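K.L.:
mind folding the following:
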Amino acid sequence: MRLFLVALLMSAAAAILLVLPAPAGANSVIYVDGGNVWTARVDGSHPLQLTSDGTKDTPPFSDPSQNGKFVGPYSNATADDQGRYLAARQFREQNGESQAAFWIWSDATGKQLATPAIVKMSYCGFPSTGPIGARLHPSGTWFAFWYICNYGSPSWDMDLRTEVNTPGSIVQGPEWSGYYQPSWYGKRLTASNQADGGIQADDPSAPLVTNLSFNLWVSHVDPDRITRIEPARTPGRAIIEHYDSSASTVEDRLTFATFSGAPQPGNIAYGCTIPTDGNASSPSWSADGAWVAWSDKGGVKTAAVPANLTSPGPCQMTPRVISATGNQSSLTPYDWGSTGANGGLVPVISRLSQSAKAWRMDNKLPQMSATSRRVPTGTTFSFTVNVSARVTFSFAQQATGRTVHGRCVAPSKKNATKPRCGRTVSAGSFTVAAHKGANKVRFAGRLSRTRKLTPGTYTLTLTANDAAGRRSAPRAVTFTIVK
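P.N.:
Residues are numbered from 1 along each chain as shown. Model prediction:
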């Protein structure tokens, strides 16, 4: 039942990999909230939204406007020491009936550093469920994730598999059948076989993480089962994610553990258990070993490592709620709150609205509006931007056309007998200097001193570009100019 629920929750996951540069700074937690990737310092300050095009829900397959696009929420937020972060998202195929997962490697401006590559997962007779639980190595050299290989009818069996790959790869990486919930211990993986915790066999001669054998590290004691081993980079510490398999409601718990020497059976001792609101997941350590983060029913949380870490019983710690509605958290030494222009933040346009959806024209040029007073002609576009930026207003007119060889083209005498269709035609644009916060632009149909729109129905699309060249996701509204 536990894996069945995981499969249902993760069946829509796909992946996007984004990159940001890295300075030294305070520890930060990266997480998903409201369908987008966010970050904040471990004390809860400097919350920043890193993506803006994610949505809380996934659009239905019956919506053809989403075909050929990344759709739905982000997931699997995790970062390396340089601020590069991994997130997952769906891609809706052009036929509107199937989806694919893509890894995309980008920089802070959204510029892709490699061609998007589809996630390579084994096919066991039925579409695989994943990727799930992606973990980026601190160096950014590799990332690991797990997925469910479904055998389908008649057995409906499942095989949990962990895979490791490099950013931008277009081929399937090494994978381990029967293991899930991977984490990193140096250049080696830890993972669970649904009962015990294992660690990848040490192979100093391997240039990449390619050794396909796992050694037992943490044995389960019925009914307790090991879900994940999350080692700290400071020596001899780990967090064990585990659950009681005999309980009527299976909920993971997080317990500190200590060990000495190399990871091997019998050398790990349990300490205190982190106070959570139930169903804990995604434990992670800060690079300096001073902070931990996790997600549970109460959202994304952080806390300083407690003094009684080695003592069984409840941990003496006070969790901070970073986001009550967030999940899938991970710690990084990168500090987005103090990096470069606008804190390294990509522009985000929100709250786009208009005072009138149908209006008459006049001859005034577009201008920043100082008041919210409605005007008898024209409309006022209102929007909010999170940083100072140049905002471009692009207009596309809805027009009729004729279908020729499967394309909707402009009507002419030659194609007058062809079937009618609807098309959009670029009608021009203008740009304004918007300040951080709420902005208003009064518009009455004139784009410049020599060009204006004509009566008809239009789609207006706004995009923002800051001084560093970072570009926002587009936002759009539709309006009609009447005679």
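K.L.:
where exactly do the helices run in the stretch 201-350 of the chain?
P.N.:
In order along the chain, the stretch 201-350 of the chain carries no helices (DSSP state H, counting those that start in this stretch).
K.L.:
what ranges do the strands span in it?
P.N.:
Residue ranges of the strands in the stretch 201-350 of the chain, as given by DSSP state E, counting those that start in this stretch, are 214-218, 224-231, 237-244, 253-259, 268-273, 281-285, 291-296, 299-304, 313-314, 320-323, 327-332, 349-354.
K.L.:
dump these to CSV, plus distance to Ala438.
P.N.:
Where C-beta positions appear, they are placed from N, C-alpha and C, glycine not excepted. Shown next, in CSV, are the strands of the stretch 201-350 of the chain (distance: least, Cβ to Cβ, whole Å):
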stretch, distance to Ala438
strand 214-218, 53
strand 224-231, 42
strand 237-244, 43
strand 253-259, 42
strand 268-273, 46
strand 281-285, 35
strand 291-296, 32
strand 299-304, 28
strand 313-314, 46
strand 320-323, 24
strand 327-332, 30
strand 349-354, 8
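K.L.:
turn the ones you listed into a markdown table, columns for distance to Thr392 and mean pLDDT.
P.N.:
Supplementary listing: the strands of the stretch 201-350 of the chain in a markdown table, determined by distance: least, Cβ to Cβ, whole Å; pLDDT from 0 to 100:
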| stretch | distance to Thr392 | mean pLDDT |
| --- | --- | --- |
| strand 214-218 | 52 | 89 |
| strand 224-231 | 45 | 94 |
| strand 237-244 | 47 | 94 |
| strand 253-259 | 47 | 95 |
| strand 268-273 | 53 | 94 |
| strand 281-285 | 38 | 94 |
| strand 291-296 | 37 | 96 |
| strand 299-304 | 34 | 95 |
| strand 313-314 | 55 | 94 |
| strand 320-323 | 32 | 94 |
| strand 327-332 | 33 | 90 |
| strand 349-354 | 10 | 87 |
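K.L.:
for Val441, see how far away Met121 is.
P.N.:
From Met121 over to Val441 the distance is 47 Å, taken as Cβ to Cβ, to the nearest Å.
K.L.:
do Ser429 as well
P.N.:
Using Cβ to Cβ, we find Ser429 at a distance of 13 Å from Val441.
K.L.:
which neighbours do the two have in common?
P.N.:
Taking Cβ atoms under 8 Å, 6 or more residues apart in numbering as the criterion, Ser429 and Val441 both touch Phe393.
K.L.:
quick one: which of those two has more around it?
P.N.:
Neighbours per residue (other Cβ atoms under 10 Å) separate Ser429 from Val441, with Val441 holding more: 20 against 15.
K.L.:
could you find the closest non-adjacent residue to the more buried one?
P.N.:
Phe381 (4.8 Å; Cβ to Cβ, 6 or more residues apart in numbering).
K.L.:
so what's that neighbour up against?
P.N.:
By Cβ under 8 Å, 6+ apart, the residues touching Phe381 are Leu352, Ser353, Gln354, Phe393, Lys440, Val441, Phe443, Leu460, Leu462, Val477.
K.L.:
quick check: beta-bridge partners of it?
P.N.:
Using DSSP bridges, the bridge partners assigned to Phe381 are Gln354, Val441.
K.L.:
ok, of the contacts of Phe381, which come out buried?
P.N.:
Among the contacts of Phe381, those that count as buried by neighbour count (16 or more other Cβ atoms under 10 Å) are Leu352, Gln354, Phe393, Lys440, Val441, Phe443, Leu460, Leu462, Val477.
K.L.:
distance of the fifth one relative to Asp63?
P.N.:
So that's Val441. 30 Å.
K.L.:
cool, the last one as well?
P.N.:
Val477 sits at a distance of 18 Å from Asp63 (criterion: Cβ to Cβ).
K.L.:
quick one: Ser65 is in a strand?
P.N.:
No: counting by DSSP: H, G, I helix; E, B strand; the rest coil, one finds Ser65 to be helix, located in no strand.
K.L.:
rewinding a little: let's have the buried ones among the contacts of Phe381 in JSON lines, adding distance to Gly278.
P.N.:
Conversion of the buried ones among the contacts of Phe381 to JSON lines gives the following (distance: Cβ to Cβ, whole Å):
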{"residue": "Leu352", "distance to Gly278": "38"}
{"residue": "Gln354", "distance to Gly278": "44"}
{"residue": "Phe393", "distance to Gly278": "48"}
{"residue": "Lys440", "distance to Gly278": "46"}
{"residue": "Val441", "distance to Gly278": "48"}
{"residue": "Phe443", "distance to Gly278": "51"}
{"residue": "Leu460", "distance to Gly278": "46"}
{"residue": "Leu462", "distance to Gly278": "42"}
{"residue": "Val477", "distance to Gly278": "42"}
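K.L.:
quick one: end-to-end distance for stretch 353-362.
P.N.:
Terminal residues of stretch 353-362 are spaced 20 Å apart (Cα to Cα, to the nearest Å).
K.L.:
in stretch 256-268, what's buried?
P.N.:
Within stretch 256-268, the residues scored as buried using 16+ other Cβ under 10 Å are Phe256, Ala257, Thr258, Phe259, Pro263, Ile268.
K.L.:
between the two ends of that stretch, what distance do you get?
P.N.:
End-to-end span of stretch 256-268 (Cα to Cα): 10 Å.
K.L.:
and stretch 353-360, by the same measure?
P.N.:
Separation of the first and last residues of stretch 353-360 by Cα to Cα is 18 Å.
K.L.:
next one: stretch 402-414
P.N.:
10 Å.
K.L.:
so the residue of the chain positioned farthest from its centre, which of the three states?
P.N.:
Going by Cα atoms, centre = their mean, the residue of the chain most distant from its centre is Lys413, 49.5 Å out. Three-state assignment for Lys413 (three-state DSSP): coil.
K.L.:
on that earlier part again, and the buried residues of stretch 256-268, which two are furthest apart?
P.N.:
Pairwise distances across those peak at 15.8 Å for Phe256 and Pro263 (criterion: Cβ to Cβ).
K.L.:
where does the stretch 51-200 of the chain dip in pLDDT?
P.N.:
Applying pLDDT under 70 to the stretch 51-200 of the chain flags the ranges 94-117, 153-156.
K.L.:
what segments of it are strands?
P.N.:
Assigned by DSSP E, counting those that start in this stretch, the stretch 51-200 of the chain shows strands spanning 69-79, 85-92, 99-103, 105-106, 117-118, 129-136, 143-150, 158-165, 175-177, 180-185, 188-192, 197-200.
K.L.:
just to revisit the earlier point, closest one to Ile199 among the strands of the stretch 201-350 of the chain?
P.N.:
Evaluated with Cβ to Cβ, the strands of the stretch 201-350 of the chain place strand 214-218 nearest to Ile199, the distance being 4.7 Å.
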